[in-house]
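**Student:** show me the folded form of this:
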Amino acid sequence: MAKPKSKNTGITPSWASNWLDIDKSIENLRKDMEKAFSSFPSIHMPTMPKMLQTSCDVIDEGAQFRVKLDVPGVKKNEIKLQVTDNSLEVSAEHKESSEEKKKNYLRKERSQVSYYRALPLSENVISGQVKAKLVDGILDITLPKSKESKVSKKQSIQVQ
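**Tutor:** This is a model prediction of the structure:
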C-alpha cells in the first residue's frame with residue numbers, strides 16, 4: 001500500500017503509518033489462522049448411499065429381447081427383477097463393511113451402492129419365460145417376445 005502524502009509538503013501524515021501497521025497485522029493474523037486451521041484433520045460427513053444409473057444395452061434379436069446391464073460388485077441374491085408384459089425393472093443394492101482392530105487402533109469402513117433401471121419395451125414379452133444370469137458383474141436378461149395380450153401381470157425373476 002502506498003503511503004499517502006500531504007498535497008503541499010510531501011510529508012506522510014502520522015495517521016497513515018498507523019493504518020499501514022494495522023494492515024500488516026491483519027495480514028499476519030490471516031496467515032496465522034490459515035496455518036492453524038490447515039493442521040486440523042479433515043472431517044468427512046456421512047453421505048447418502050450412491051444411486052448409480054448402470055450402463056445398459058437392449059438388443060432386439062427378432063424372437064426375443066436381450067438386455068445386458070453392468071452391475072459391478074453386486075451378488076446375484078442382491079438383484080431384484082420385475083417384469084411386466086411391456087417393461088423391465090432392475091434394482092440392486094450392495095452393502096459392505098470392514099473392521100480392523102489393533103492395539104490402540106480401530107478402523108471401520110462401510111460402503112453402499114444401489115442400482116436402478118426401468119426399461120419400457122417396444123413389444124410385449126412372455127413374463128413367465130424371462131431368464132436372467134449374472135456373470136462377472138454383467139447381468140444378461142433374455143425376454144422372449146409374445147403376441148399382444150390385454151392383461152398385464154408383474155412377475156419377479158430369479159437370477160441364476
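**Student:** which SSE is immediately downstream of the least confident helix or strand in the chain by mean pLDDT?
**Tutor:** One helix or strand of the chain scores below all others by mean pLDDT, DSSP states H and E: strand 50-52, with a mean of 55. Next along the chain after strand 50-52, taking DSSP states H and E as the criterion, comes strand 56-60.
**Student:** buried residues in the next helix or strand after that following strand?
**Tutor:** The helix or strand immediately downstream of strand 56-60 is strand 64-70, counting by DSSP H and E. Applying a neighbour-count criterion of 16 or more other CB atoms under 10 Å, one finds 64-65, 67, 69 buried in strand 64-70. Quick note: C-beta positions are derived from backbone N, CA and C, even for glycine.
**Student:** would you put the C-alpha positions of strand 64-70 in CSV?
**Tutor:** The C-alpha coordinates for strand 64-70 follow below in CSV (Å, rounded to 0.1, in the frame of the first residue of the first chain):
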residue,chain,number,x,y,z
GLN,A,64,-36.6,-62.1,-28.1
PHE,A,65,-35.0,-59.1,-26.4
ARG,A,66,-31.7,-59.4,-24.7
VAL,A,67,-30.7,-56.8,-22.0
LYS,A,68,-27.2,-56.5,-20.7
LEU,A,69,-26.6,-54.4,-17.6
ASP,A,70,-23.4,-53.6,-15.8
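**Student:** neighbouring strands for it, and are they parallel or not?
**Tutor:** strand 56-60 (antiparallel), strand 138-144 (antiparallel) (DSSP bridges).
**Student:** can you add mean neighbour count and give those strands back as JSON lines?
**Tutor:** Below are the strands paired with strand 64-70 laid out as JSON lines (neighbours: other CB atoms under 10 Å):
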{"stretch": "strand 56-60", "mean neighbour count": "12"}
{"stretch": "strand 138-144", "mean neighbour count": "19"}
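**Student:** would you single out the least confident of those strands?
**Tutor:** Lowest mean pLDDT within those: strand 56-60, at a mean of 90.
**Student:** all set, thanks.
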